[in-house]
Each structure stands twice: as C-alpha cells, then as structure tokens.
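Peer 1: sharing a model prediction with you, sequence too.
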Number of protein chains: 2
Amino acid sequence: MLIGELARASGVTVRALRYYEQQGLLEPERAVNGYRHYDGGAVARVRNIQLLLSNGFTAQDVRGFLPCLDDGEVSLGPACPPSVEAVSRKVAALEERIAELSAVRDRLVQALTGNATPRQPEPGTIARHPAYTRPAHD
Amino acid sequence: MLIGELARASGVTVRALRYYEQQGLLEPERAVNGYRHYDGGAVARVRNIQLLLSNGFTAQDVRGFLPCLDDGEVSLGPACPPSVEAVSRKVAALEERIAELSAVRDRLVQALTGNATPRQPEPGTIARHPAYTRPAHD
DNA sequence: TTTGACCTTGACCCCCAGGTCAGCCTTTAG
DNA sequence: CTAAAGGCTGACCTGGGGGTCAAGGTCAAA
C-alpha cells in the first residue's frame, strides 16, 4: 500500500509517517519510482506507535520496544533476547504513570462526589465511588 | 516562603515556578521589594501541577481543574459549580489514557512472559502474571 | 562596606512531534 | 496532450515546557 492509503487506514498524517520512518520506526520498501510501499502489518504497527507517542513516550522510547508491537502476534521473548530487561524497565515506567494518573483521577472524582476518601485498595486499581458513575466507555 | 525555598520544597526549578505563574497557575504575593512570597499550600499545589504536566496535560488543561488540587482539602462541588462538567470530561480523558497505557503494559508483559493473556480483571487493575515479577519499586 | 546568596525582568535557545510550503516527478483519466 | 492526484525531498515554522544567560536590585553576615 502507498503512503496515502496507510495514512487513511491508520489515522495519522502522511507527514507523520515520513517522520516515523526518519526516526527508524518504519522501513517501507521502495519501488523503482521512489514511492514507499507498506505491507498490511504496517497499519497495526503505526497505530501502536501513535498510541505510545500520544501517551508521553518519545520516538526513541518507541524504538526500544518496536518488536513487541508488530501486530496481534507478539514476538519478544525469543525474538529480541537482549531487550527483556529494557522492556521490564518500560513496564515499570508504565506502571508508575498509570499509578500517577489514577491518583489524579481519584482526586478529581473525590472532588466531584464531595469528600469521602475511598482509601485506594491497591495502586492501579480503580476506586469505584458509589455516588459517581464513570463516563461510560469501559 | 521565597521562590527558592518553594523550589527546593516542591522539587521543581525556580524557572518552572516563574513559568507556572506566567501561565496563571500560581499567584504569589509580592513583597515591597518585588520578591514573590508563597504560602504553605503552594508546595502541594506545585506538586500537583507537576504531576499533571508530566503526565501529558498542558498548562491550559491544568488551569481547568486547579481548584481541585489545592491540597489535602478538596474543594470543587460547591466551590466551582460551573466546572463540574468540565472536570467530568477531564476524568473521562484520564480514564481513557489509563486504559491505553494499561493496554500497552499488558502487551509488553505478555511479550515478556510468553503469551498467556492474563485477561485483565478490571481496567486499571494491575495484572499480576505469575511468571513475571515486577521490577521492585512498588 | 564588601561579599555572597538570593531575588527581579527580559531575552534568546532547545527539543519534540509533527505542519506547511516549495519545487519537482509519476501515474491515471479524459 | 493535459490536468489532477498522489508521490518525493528539503527546508523552515510551531507550541509546549522549560534551560540558560545577562544585567541589575536586595539582604544578611562579617
């Protein structure tokens, strides 16, 4: 598929795709005329890249665990042996961010429902306050 | 307290504090000599601001729910009546981000442990996979 | 009174993830 | 043959969150 098609299929701009390539996140084939050609897996890959970038990771971070994001079939354990530790660190960072965001959310919910500290059962667990119904979506 | 003390107490730089003020997130008193003077609550406030900024929110976003972050005592419900809906939207956005990050984390954990989807009990809950011991720190 | 630490404003700089524009090439449709 | 649509590279611009001077005012201790 050409760059424009991929852009439409994955919901990012053409410019972003070229940028990802420049950052080493994507390596399309090149036709004789110079046009980029992507295979089907690129759609999932690009979505994953976008997911990470829009959640505060840098392009360099993303490079680190690209092999895990190729598509449905994950391929790290055997596939990239030396990076296991690196990925562990990333997971730890993720847990930290999740905990932080959860804390902020809890405060806001608390503010909305009038105080009644739900005494957070476990870090990362969503505190369901009876009086506040969460905005659907999960 | 002076700006340097607040900086040390809250763990951000003096520059950042001036920037927050410029963005309307902080309004210290001014002594006759022009020095900024902060009250005790500023420490918590600044920590909260930093928390949000470092988690992908913009200064403008932060302005939106400042009154909820003042310190231990939350003050939204009656204090800023018109903004309840806005805060709800922010909470929704937070939930979304948390869900996204959780998804990424799950994928990575999955990659580390060799597939065996831990079927996430509840969004936000940390999935403890038997074979994968998390890198300490929590 | 002088030194040093701390404060003030203003100005310019950086990085990141792209947006935008210019100038040119290629492919398909009419 | 020409026009439109899409592709290519290179280059400059942007906005957010600050870092880093520069030039000067203030204050406490020696």
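Peer 2: Structure received.

Peer 1: mind checking how far the residue of chain A found nearest DNA strand D is from residue B:107?
Peer 2: Closest to DNA strand D within chain A is residue A:4: 2.5 Å, counting by CB to the nearest atom of the strand. C-beta here means a position set from N, CA and C on the backbone, and glycine is covered the same way. To residue B:107, residue A:4 is 28 Å away according to CB to CB, to the nearest Å.

Peer 1: what's the first helix or strand after the one helix or strand the residue of chain A closest to DNA strand D maps to?
Peer 2: Of the helices and strands defined by DSSP states H and E, residue A:4 is found in helix A:3-10. Toward the C-terminal end, the helix or strand that comes next after helix A:3-10 (DSSP H and E) is helix A:14-22.

Peer 1: buried set for stretch A:106-113?
Peer 2: A:106, A:107, A:108, A:109, A:110, A:111, A:112, A:113 (16 or more other CB atoms under 10 Å in any protein chain shown).

Peer 1: tell me the angle of the helix holding residue A:4 relative to helix A:14-22?
Peer 2: Put simply, helix A:3-10 runs at 100 degrees to helix A:14-22, going by axes from the mean of the first three to the mean of the last three CA atoms, to 10 degrees.

Peer 1: who does helix A:3-10 touch, helix- and strand-wise?
Peer 2: helix A:14-22, helix A:42-53 (3 or more CB pairs under 8 Å, 6 or more residues apart in numbering or on different chains; DSSP states H and E).

Peer 1: what about it, distance to the chain center?
Peer 2: On the basis of CA atoms, centre = their mean, to the nearest Å, helix A:3-10 sits 19 Å off its chain's mean C-alpha point.

Peer 1: that one to helix A:42-53, inter-axis angle?
Peer 2: Going by the same axes, to 10 degrees, helix A:3-10 makes 60 degrees with helix A:42-53.

Peer 1: picking that back up, out of the buried residues of stretch A:106-113, list just those in helices.
Peer 2: Using DSSP state H, the subset of the buried residues of stretch A:106-113 located in helices is A:106, A:107, A:108, A:109, A:110, A:111, A:112, A:113.

Peer 1: could you restrict the residues you listed to the ones contacting chain B?
Peer 2: Filtering those for proximity to chain B by CB under 8 Å from any CB of the partner chain leaves A:107, A:108, A:109, A:110, A:111, A:112, A:113.

Peer 1: so the fifth one versus residue A:104, what's the distance?
Peer 2: Separation of residue A:111 from residue A:104 (CB to CB): 11 Å.

Peer 1: near DNA strand C too, which of the ones next to chain B among the ones in helices among the buried residues of stretch A:106-113?
Peer 2: Checking these against DNA strand C by CB under 7 Å from any atom of the strand, not one of them is in range.
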